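J.: Got a predicted structure here, sequence first:
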Amino acid sequence: MSALPLRVVLAAGGTAGHIEPALNLADELISLDPSTVITVIGGDRGLESTLVPARGYPLRSVPAVPMPRRASLDILLVWPRQWAAKRLAKAHLRDLKADVVVGFGGYAALPTYLAARELRIPVVIHEANARAGLANRVAARFTSLVYVCVPGSLPAAKVMGLPLRPEIAGLRLADSKSDALAHFGLSVDQPVLLVFGGSQGAQQLNEALAGALPHLLAAGIQVLHAYGSRNLAPEASPGYVPIPYINRMDLAYAAAGLAVTRAGAMTCAELTAVGLPAIYVPLPIGNGEQRLNALPIVDAGGGLLVSDADCTAGWLTAMVPPLMNNLGRLSAMGAAAAGLGDRGAGRQFAEVIFQVAQASKGGQA
């Protein structure tokens, strides 16, 4: 697409919710122009250290400088540490000869944004959550290239869905179901409940499911459970498939008739894109963004919402079997969820980034 390769730096780190959309965008950029040079700048102790190399992209690190959650002497060290992180990020950007910085948030993104501003490199930010994080709130004050999944989460921003993996963006549940069931060793004769708590698992969901599992199995419901690699491995049994981490989420979605899950922005984007109904159990910490992420889906009829404290074994036992046996309701919920999905956001956002990068490179020529 360009005479000289475009050099794109992606700023994201800490959690899979920041890193995965950045890597999905990287894949789309390479699909559009294989000569594109992409580097991720992330933190020095987040999931990026494994997720980024696993997807084949180079990683540069800067210190992640979290803001103290309560008043303490640590707050006096924030800006000196932030300055040091920004200085290192500036050295990375100079060395990489970046044409554009694209950020998805996280503590490591902020020093990269600030360094790019000082170097006059265009900054494009994408906010996935209904309530924006600190790094993107700061960057939105000095760049007009602001995109959000949820209208109103940042001022004067354009709405843009999250970039998804191609295998999920192109997934058709019905067409993939038999292969998906076979992949996980599940029967074609019984419905499947998918339970997962994000990349780290969720202890509350694990405990609730453990108590409800005998009743679910007795009701003829199979369970595919991603329990998290840091948690104790449950014992498998007929109809129950526990996995520490699901690498093929497309197949997990295709196998399932209903999901019980947290409400991270990526999870909500994927479930609506494929049209899978879900029971959302928002993480009860942070600034409440997970509940806000799920609300539009629930309000549209594409899912149910239950608080973390109320998601007990008894609640799952009472709610899940009647819902999974009501195929008409599940179908209506799936259609409502799909009405909010955006399968083409990755390609659309990649085209925006190319336009910005080409304009930047042209201005430097």
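T.: Now that the structure is in, tell me what you want to look at. A quick note: this is a predicted structure, and the numbers were derived from the prediction, not measured.
J.: quick one, helices of the stretch 151-300 of the chain?
T.: For the stretch 151-300 of the chain, applying DSSP state H, counting those that start in this stretch gives helices covering 166-169, 173-184, 203-218, 249-255, 265-274, 289-300.
J.: how far out from the middle of the chain is the first one?
T.: Relative to its chain's centre, helix 166-169 lies at 13 Å (CA atoms, centre = their mean, to the nearest Å).
J.: Give the buried residues for the lowest-mean-pLDDT helix or strand in the chain.
T.: Sorted by mean pLDDT, DSSP states H and E, the helices and strands of the chain end with helix 75-96, the least confident at a mean of 86. For helix 75-96, burial by neighbour count (16 or more other CB atoms under 10 Å) applies to 82, 85-86, 88-90, 92-93, 96. For glycine as for every other residue, the C-beta is placed from the backbone atoms N, C-alpha and C.
J.: thinking again about what came up before, for the helices of the stretch 151-300 of the chain, give me a markdown table that also has distance to I125 and mean pLDDT.
T.: Formatted as a markdown table, the helices of the stretch 151-300 of the chain follow (distance: least, CB to CB, whole Å; pLDDT from 0 to 100):
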| stretch | distance to I125 | mean pLDDT |
| --- | --- | --- |
| helix 166-169 | 22 | 93 |
| helix 173-184 | 32 | 93 |
| helix 203-218 | 31 | 96 |
| helix 249-255 | 25 | 97 |
| helix 265-274 | 14 | 96 |
| helix 289-300 | 16 | 95 |
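J.: Single out the most deeply packed of those helices.
T.: helix 265-274 (a mean of 26; mean count of other CB atoms under 10 Å).
J.: okay, the angle between it and helix 173-184?
T.: 120 degrees (axes from the mean of the first three to the mean of the last three CA atoms, to 10 degrees).
J.: Who are the contact partners of the spatially most central residue of the chain?
T.: The centre of the chain sits closest to M266, judged by CA atoms, centre = their mean, with a distance of 2.8 Å. For M266, the contact set (CB atoms under 8 Å, 6 or more residues apart in numbering) comprises 16-17, 20-21, 128, 162.
J.: Model confidence score at N287, please.
T.: Note for N287: predicted pLDDT of 73.
J.: Let me see the backbone angles for the closest residue to it other than its chain neighbours.
T.: Nearest non-adjacent residue to N287, counting by CB to CB, 6 or more residues apart in numbering: R131, 5.2 Å away. Phi and psi for R131, reported as degrees, to the nearest 10, are phi -120, psi 110.
J.: Next, count neighbours for the closest residue to D44 other than its chain neighbours.
T.: Nearest residue to D44, sequence neighbours excluded (CB to CB, 6+ apart): S61, at 4.6 Å. Counted with other CB atoms under 10 Å, residues neighbouring S61 total 21.
J.: How much space separates S61 from A89?
T.: 10 Å (CB to CB, to the nearest Å).
J.: who touches both of these two?
T.: Listed as contacting both S61 and A89 by CB under 8 Å, 6+ apart are I41.
J.: Is V101 in a helix, a strand, or coil?
T.: Look at V101: counting by DSSP: H, G, I helix; E, B strand; the rest coil, its state is strand.
J.: which residue packs closest to it, ignoring adjacent ones?
T.: A116 (4.2 Å).
J.: Go ahead and confirm the one you found touches L96.
T.: No - between A116 and L96 there is no contact under CB atoms under 8 Å: 10.9 Å.
J.: could you pull out the strands for the stretch 101-250 of the chain?
T.: Under the criterion DSSP state E, counting those that start in this stretch, the stretch 101-250 of the chain contains strands at 123-127, 146-148, 158-159, 192-196, 222-226, 240-243.
J.: For the last one, name the packing helices and strands.
T.: Contact here means 3 or more CB pairs under 8 Å, 6 or more residues apart in numbering; DSSP states H and E; on that basis strand 240-243 packs against strand 222-226.
J.: thinking again about what came up before, return the closest of the buried residues of helix 75-96 with respect to P242.
T.: The closest of the buried residues of helix 75-96 to P242 turns out to be A85 (CB to CB; 39.0 Å).
J.: doesn't Y113 make contact with the closest one?
T.: No - using CB under 8 Å, A85 is not in contact with Y113, being 11.0 Å away.
J.: Tell me which of the helices of the stretch 151-300 of the chain lies nearest to V40.
T.: helix 265-274 (16.3 Å).
J.: ok, back up a step: redo the buried residues of helix 75-96 as a markdown table? Include distance to T272.
T.: A markdown table is the format used below for these (distance: CB to CB, whole Å):
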| residue | distance to T272 |
| --- | --- |
| Q82 | 36 |
| A85 | 35 |
| K86 | 36 |
| L88 | 38 |
| A89 | 34 |
| K90 | 38 |
| H92 | 35 |
| L93 | 35 |
| L96 | 35 |
